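Asker: 3D, please:
(chains A and B)
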Amino acid sequence: GENVEQHPSTLSVQEGDSAVIKCTYSDSASNYFPWYKQELGKRPQLIIDIRSNVGEKKDQRIAVTLNKTAKHFSLHITETQPEDSAVYFCAAQTLWGKLQFGAGTQVVVTP
Amino acid sequence: EAGVAQSPRYKIIEKRQSVAFWCNPISGHATLYWYQQILGQGPKLLIQFQNNGVVDDSQLPKDRFSAERLKGVDSTLKIQPAKLEDSAVYLCASSSNPGQGEKLFFGSGTQLSVL
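Answerer: Now for the predicted structure:
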């Protein structure tokens, strides 16, 4: 079955710096890779996603990259702000819709 | 558009008791998921339904957990008997066509504490 590895588990950055979170997946049939942001006590919120036929996608300060050959995908947050502090999860979805999550990255943005 | 509805919001039980959670997905969403999220961990898929059929339940502890979606709309997840390690948030999610990359919508979750 699909296995999603996520690194690092915690990430502390200064406000204005960039944050990068990396994930790998095992199932080559995975075709959709969403990223979720979860604040304490709340449900996961989709922030950006990428499909397997695309190598890169950007939305304002957030970008995702996908390397299908290496089965790697990454989240990049530029010009980080205190409100970016949260837990971020990567996920990989197979053709039949099974969505598996990584273990999460606690991002702390210090002013 | 109404979101994914879950109840109850919180539940506290003693070990060995039974508990049930309810989920009503977004109207028209054929796929429904139950996830277990233990504090400090990522959501773990317990079961995935397509209409009233089970697509994947490989990570569902079937000796104590059961789930059903009899009419292909709302769903219940039951734990009987509960153990201390079942303390977690149980998230329900739905999607219209996940195999084509359609996003999942999550409910607010049910926070279960087993004492």
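Asker: got a list of what A:Glu39 touches?
Answerer: A:Ala86, A:Val87 (C-beta atoms under 8 Å, 6 or more residues apart in numbering or on different chains). Every residue, glycine included, has its C-beta placed from N, CA and C.
Asker: I meant to write A:Ser28 there.
Answerer: A:Lys71.
Asker: if we use 10 Å, what do you get?
Answerer: By C-beta atoms under 10 Å, 6 or more residues apart in numbering or on different chains, the contact set of A:Ser28 is A:Glu2, A:Ser52, A:Lys68, A:Thr69, A:Lys71, A:Thr94.
Asker: part of a helix, is it?
Answerer: No: applying DSSP: H, G, I helix; E, B strand; the rest coil, one finds A:Ser28 to be coil, outside a helix.
Asker: quick check: the gap between it and chain B.
Answerer: Using C-beta to the nearest C-beta, to the nearest Å, we find A:Ser28 at a distance of 16 Å from chain B.
Asker: tell me the phi and psi of that residue?
Answerer: A:Ser28 adopts backbone torsions of phi -70, psi -10, taken as degrees, to the nearest 10.
Asker: same check, this time on B:Ala20
Answerer: For B:Ala20, the backbone dihedrals (degrees, to the nearest 10) come out as phi -130, psi 140.
Asker: hang on, isn't it packed against B:Trp34?
Answerer: No: applying C-beta atoms under 10 Å as the test, B:Ala20 and B:Trp34 come out as separate, 12.0 Å apart.
Asker: these two: which has the busier surroundings?
Answerer: Taking neighbours as other C-beta atoms under 10 Å in any protein chain shown, B:Ala20 and B:Trp34 compare with B:Trp34 leading, 25 against 15.
Asker: mind telling me what element that one is part of?
Answerer: Counting by DSSP states H and E, the element that carries B:Trp34 is strand B:31-37.
Asker: hmm, that strand touching chain A?
Answerer: Yes: using C-beta under 10 Å from any C-beta of the partner chain, strand B:31-37 reaches chain A at B:Thr31, B:Tyr33, B:Tyr35, B:Gln37.
Asker: so what are the sheet partners of that strand and their directions?
Answerer: Looking at strand B:31-37 with DSSP bridges, its partner strands are strand B:44-50 (antiparallel), strand B:88-95 (antiparallel).
Asker: average pLDDT for the longest one?
Answerer: It refers to strand B:88-95. For strand B:88-95, mean pLDDT is 96.
Asker: for whichever helix or strand comes after that strand, packing partners?
Answerer: Using DSSP H and E, the next helix or strand after strand B:88-95 towards the C-terminus is strand B:105-106. Counting contacts by 3 or more C-beta pairs under 10 Å, 6 or more residues apart in numbering or on different chains; DSSP states H and E, strand B:105-106 packs against strand A:45-51, strand B:88-95.
Asker: now do 8 Å
Answerer: Contacts defined by 3 or more C-beta pairs under 8 Å, 6 or more residues apart in numbering or on different chains; DSSP states H and E place strand B:105-106 against strand B:88-95.
Asker: figure out which of the strands paired with strand B:31-37 is closest to A:Glu56.
Answerer: strand B:88-95 (24.3 Å; C-beta to C-beta).
Asker: coming back round to it: can you put the residues of strand B:31-37 next to chain A in TSV and add distance to A:Ile47, pLDDT and neighbour count?
Answerer: Converted to TSV, the residues of strand B:31-37 next to chain A look like this (distance: C-beta to C-beta, whole Å; pLDDT from 0 to 100; neighbours: other C-beta atoms under 10 Å in any protein chain shown):
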residue	distance to A:Ile47	pLDDT	neighbour count
B:Thr31	21	94	23
B:Tyr33	19	97	27
B:Tyr35	18	98	25
B:Gln37	17	97	21
